[in-house]
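Undergrad: Pasting the sequence and the predicted model now:
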Amino acid sequence: MAPPLSKGAVADLEWEELEATVATCRLCGLCDGRKQTVFGCGARDADWMIVGEAPGAEEDRLGEPFVGAAGKLLDAMLRAVGLAREQVFIANTLKCRPPGNRDPHVDELAACRPYLERQIALVRPRLLLVVGRIAAQALLASDEPIGRLRGRVHELPGLGVPLVPTYHPAYLLRSPDQKRRAWQDLLLARSLTVGDGDGGPR
Ligand code: SF4
């Protein structure tokens, strides 16, 4: 397996080059089981960037993040704060599907991280809404449970972007009693991007 990518190796890539690099990436073992990479989608100048864990089976098949039931719930969560899916940029910490939807390994997250960091640098969002324990722990280099990371604003180390962790929509489908807390997180996130005279997120 190739050594992990250095941050500098993608730091100058623009969108098309970055997308092409990801599409042919073989930096970790997940390349062997994927149907295709799932780069991310949405507005490349979005105020809000959503970061999840990794593609599942449907995402791997369709090449788009957050499709299926969890994706529909994410769309509904965004609509509740006045945002259409097309207005945000959606990406994952991993661009390839882990087999059987197992948790990502530390070395896989490390190998893929420069791509996500370059996406964040290109989008320059005003806010990162990070859904689920895996993505929140990876981005914040923390081992705290999501229940303790959520409910407050963090800052993404190195990039200085406000980051609000919340529950993953797939978890909310299994634990609907937690939707109230997710709503609180969304309101917190919205409070960070209201302003500039526009009354709310673009
Ligand atoms: S998960 Fe990321 S690092 Fe691993 S092969 Fe896919 S694109 Fe490359």
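TA: Structure's in. What do you need? Numbers count the residues shown, from 1 in each chain.

Undergrad: So what touches stretch 70-86?
TA: The contact list for stretch 70-86, computed with Cβ atoms under 8 Å, 6 or more residues apart in numbering, reads 42-43, 48, 50, 56, 65-66, 87-88, 90, 131, 168-170, 172-173, 182-183, 186-187, 189-190, 200-201. Yep, even glycine has a C-beta here, placed from its N, CA and C like the rest.

Undergrad: Could you look up the next helix or strand downstream of the longest helix anywhere in the chain?
TA: Ordering each helix of the chain by length in residues (DSSP state H) puts helix 106-123 first. Scanning forward in sequence from helix 106-123 by DSSP states H and E, the next helix or strand is strand 127-131.

Undergrad: and after that next one, which helix or strand comes next?
TA: For strand 127-131, the following helix or strand on the C-terminal side (DSSP H and E) is helix 133-140.

Undergrad: Who are the packing partners of that following helix?
TA: Packing partners of helix 133-140 (3 or more Cβ pairs under 8 Å, 6 or more residues apart in numbering; DSSP states H and E): strand 48-52, strand 127-131, helix 146-149, strand 162-166.

Undergrad: 10 Å instead?
TA: Secondary-structure packing of helix 133-140 (3 or more Cβ pairs under 10 Å, 6 or more residues apart in numbering; DSSP states H and E): strand 48-52, strand 89-92, helix 106-123, strand 127-131, helix 146-149, strand 154-155, strand 162-166.
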